[in-house]
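**Student:** let's see this in three dimensions:
(one chain, ligands or ions: 1)
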Amino acid sequence: MTQNITQHRILILDFGSQYTQLIARRVREAGVYCELHPFDVSSEFIQNFAPKGIILSGSPESVHQHGSPRAPQIVFELGVPVLGICYGFQTMAEQLGGQVVAGGNTAEFGQAHIDICKQDALLANIGENSRAIVWMSHGDKVAKLPESFKTTASTPNCPFAAASDEARQFYGLQFHPEVTHTQNGEQLIANFVHNICNCNALWNSDNIIELRINELKAKIGDKRVLLGLSGGVDSSVVAALLHKAIGDKLICVFVDNGLLRLNEGEQVMQMFADNMGIRVICANAESRFLTALAGVTDPEAKRKIIGREFINVFAEEARKLEHETGGIQFLAQGTIYPDVIESAGQKNGKAHVIKSHHNVGGLPDDLAFELIEPLRDLFKDEVRKLGVVLGIPPAMIYRHPFPGPGLGVRILGEVKKEYADILRLADDIFMQELRASGWYDKTAQAFAVFMPVKSVGVVGDGRRYAWVIALRAVETVDFMTARFAHLPYDLVDKISTRIMNEISDVARVVYDVSSKPPATIEWE
Ligand code: XMP
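**Tutor:** Numbering: from 1, shown residues only. Purely as a prediction, here's the structure:
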């Protein structure tokens with residue numbers, strides 16, 4: 001690969017829409033590298049970025065509000081194509097001499113049909129018979145186009161649903177091509193980046209792997225890299241990538257905190273150490289974690305203890321390795337692009353999501369490693385694809401997320417080994433049945449919860465007084481909201497029967513029918 005795969009790049013300026021990350025994902029899916037930056041980056045930054053095209057995102061704001069955001073003037077002076085989406089279109093129209101009016105009772109939210117009246121390069125191959133279904137979400141709308149713009153599509157409510165100035169390559173859409181409800185939205189994005197911006201489709205797993213490996217080799221040389229391997233997708237892909245790049249100069253530390261799922265520690269060791277030949281040190285720290293958690297019932301206190309112990313164990317292993325190897329220079333982390341965007345958003349005081357991650361950012365000062373984050377510019381779906389190409393089994397790559405504190409937040413109240421052992425067995429039966437019935441892939445996350453209350457049951461002629469297990473399964477895309485999965489009763493029946501029959505310490509199984517909000521996905 002002689003061509004730099006990030007040289008054909010698109011700049012996305014973020015005005016705060018909930019869909020901005022989706023725009024970036026669609027551009028990447030079209031095989032083109034892009035970056036997302038706040039709308040108010042400097043002109044110098046935009047110039048140096050040298051985009052082959054710029055996309056202006058939507059926004060919850062109105063151009064009529066005092067101090068609402070505007071695109072930097074240079075966007076329209078660089079001579080590269082510009083696509084304004086929703087608010088991006090409105091501010092572009094206004095900045096170029098058009099007019100925007102407040103929506104009032106013509107606001108549109110949801111699906112709409114557009115009539116394509118002039119098929120420009122952007123709308124090529126969208127819809128059928130000059131009609132297409134699109135997703136609208138706007139109050140304000142453009143009421144007068146800037147001179148030289150032509151209408152390309154409209155709805156009864158919105159005369160300028162799409163418009164363009166093809167000579168200057170400025171395009172505007174009132175609807176959202178990035179959401180899946182817009183018919184052929186991905187084609188529209190592809191039209192923009194390929195046909196209008198002339199970007200080649202170079203951004204794919206093979207090329208990304210080759211690029212990253214070359215970069216890692218150049219940066220690391222003969223030095224050593226330490227990685228905290230959790231068995232989750234991100235750290236697993238970092239491990240596979242680094243191993244390919246630097247072989248045994250990578251050393252992984254896997255902390256078994258005793259709060260993992262059934263056989264999880266063995267599986268991680270087998271997969272990475274035995275199958276892939278990666279050097280993985282397994283720190284067996286079960287009793288240490290359980291001792292630290294003894295008598296603690298408050299969920300946040302439990303999280304803090306688990307996080308602190310993790311850092312302590314990891315730091316001890318790192319010190320031992322420093323001693324043994326004569327020095328480790330780098331610490332690798334599985335930071336991914338949404339983490340980068342979110343933490344930038346937090347710094348700017350913009351929208352943010354709080355993620356308490358099981359990472360090793362809080363290492364003591366004597367372990368001053370340089371950070372390596374090879375997935376820093378990748379979305380989760382890109383990381384998954386990379387993992388599959390790197391040879392990690394898809395079943396591992398497409399596993400439901402598992403929280404850093406593990407079973408620590410799924411055993412309500414005090415954590416005890418006895419409880420963890422019971423929960424592991426129940427959870428494993430639940431997963432087996434979800435997989436066998438095809439429901440594992442239909443749910444975003446599912447798990448069992450240990451309830452430290454005893455309930456009466458009857459087994460044969462005897463009475464049983466034993467624990468309660470709750471089953472939790474949810475459907476969600478973003479984990480911010482979730483609906484409890486409507487598992488078939490027959491399946492729930494089979495799972496609960498198996499759990500009560502096979503685990504004598506469980507007398508009762510209940511199914512959690514709470515959605516988020518108001519409940520959360522985890523019980524603690
Ligand atoms: P909640 O319970 O907040 O969970 O609805 C949303 C998602 O976040 C995961 N989660 C965590 N992940 N450390 C993590 O790494 C945590 O402390 C933690 N708490 C919740 C949860 O599993 C779900 O996917």
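
**Student:** helices of the chain, start to end?
**Tutor:** For the chain, helices defined by DSSP state H occupy the ranges 20-29, 43-49, 87-95, 185-190, 205-220, 233-246, 264-268, 286-293, 299-325, 337-347, 380-389, 394-397, 417-437, 489-502.

**Student:** any chance of a markdown table for these, columns mean neighbour count and distance to the ligand?
**Tutor:** All C-beta spots, glycine's among them, are computed from the backbone N, C-alpha and C. What follows is the helices of the chain, written out as a markdown table (neighbours: other C-beta atoms under 10 Å; distance: least, C-beta to the nearest ligand atom, whole Å):
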| stretch | mean neighbour count | distance to the ligand |
| --- | --- | --- |
| helix 20-29 | 22 | 17 |
| helix 43-49 | 13 | 33 |
| helix 87-95 | 26 | 29 |
| helix 185-190 | 22 | 27 |
| helix 205-220 | 16 | 25 |
| helix 233-246 | 23 | 11 |
| helix 264-268 | 17 | 15 |
| helix 286-293 | 17 | 14 |
| helix 299-325 | 17 | 5 |
| helix 337-347 | 17 | 12 |
| helix 380-389 | 19 | 12 |
| helix 394-397 | 13 | 16 |
| helix 417-437 | 19 | 13 |
| helix 489-502 | 16 | 20 |
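
**Student:** closest one to Ala124 among these?
**Tutor:** Minimum separation from Ala124 across those (C-beta to C-beta) falls at helix 185-190, 8.1 Å.

**Student:** show me which helix or strand of this structure is least confident by mean pLDDT.
**Tutor:** helix 337-347 (a mean of 80; mean pLDDT, DSSP states H and E).

**Student:** how far off helix 233-246 does it point, in degrees?
**Tutor:** Here helix 337-347 points in a direction 120 degrees away from that of helix 233-246 (axes from the mean of the first three to the mean of the last three C-alpha atoms, to 10 degrees).

**Student:** against which helices or strands is helix 337-347 packed?
**Tutor:** Using 3 or more C-beta pairs under 8 Å, 6 or more residues apart in numbering; DSSP states H and E as the contact test, the elements touching helix 337-347 are helix 20-29.

**Student:** run through who's touching the helix it packs on.
**Tutor:** Identification of contacts with helix 20-29 by C-beta atoms under 8 Å, 6 or more residues apart in numbering yields 10, 12, 14, 34-36, 55, 57-58, 85, 177-179, 185-186, 189, 193, 203, 337-338, 341, 379, 381-382.

**Student:** mind saving the C-alpha coords of it as PDB?
**Tutor:** Once non-C-alpha atoms are left out, helix 20-29 reads as follows in PDB (Å, rounded to 0.1, in the frame of the first residue of the first chain):
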ATOM      1  CA  THR A  20     -23.100  13.400  14.100                       C
ATOM      2  CA  GLN A  21     -21.300  10.200  15.000                       C
ATOM      3  CA  LEU A  22     -23.600   8.400  12.600                       C
ATOM      4  CA  ILE A  23     -22.500  10.600   9.800                       C
ATOM      5  CA  ALA A  24     -18.800   9.700  10.500                       C
ATOM      6  CA  ARG A  25     -19.700   6.000  10.600                       C
ATOM      7  CA  ARG A  26     -21.500   6.200   7.200                       C
ATOM      8  CA  VAL A  27     -18.500   8.000   5.600                       C
ATOM      9  CA  ARG A  28     -16.200   5.300   7.000                       C
ATOM     10  CA  GLU A  29     -18.500   2.600   5.800                       C
END
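
**Student:** so what's the residue count around the nearest residue to Pro393 once chain neighbours are set aside?
**Tutor:** Leaving aside its sequence neighbours, Pro393 sits nearest to Met271 (C-beta to C-beta, 6 or more residues apart in numbering; 7.4 Å). Residues near Met271, counting by other C-beta atoms under 10 Å, number 20.

**Student:** same deal with Cys199?
**Tutor:** Cys199: 25 neighbours (other C-beta under 10 Å).

**Student:** so how far is Glu414 from it?
**Tutor:** Look at Cys199 and Glu414: by C-beta to C-beta, to the nearest Å, they are 56 Å apart.

**Student:** got it, and Leu331?
**Tutor:** Note on Leu331: its distance to Glu414, by C-beta to C-beta, is 33 Å.

**Student:** more crowded one of these two?
**Tutor:** Counted by other C-beta under 10 Å, Leu331 and Glu414 do not tie: Leu331 has more neighbours, with 21 against 13.

**Student:** give me the beta-bridge partners of the spatially closest residue to Ser514 that is not a sequence neighbour?
**Tutor:** Of all residues not flanking Ser514 in the chain, Phe484 sits nearest, at 6.2 Å (C-beta to C-beta, 6+ apart). As for beta bridges, Phe484 partners with Val474 under DSSP bridges.

**Student:** pretty sure Phe484 contacts Val492?
**Tutor:** No: between Phe484 and Val492 there is no contact under C-beta atoms under 8 Å: 11.4 Å.

**Student:** how about the residues of the stretch 401-524 of the chain by the ligand?
**Tutor:** 401, 403-405, 445, 479, 516, 520-522 (C-beta under 6 Å from any ligand atom).
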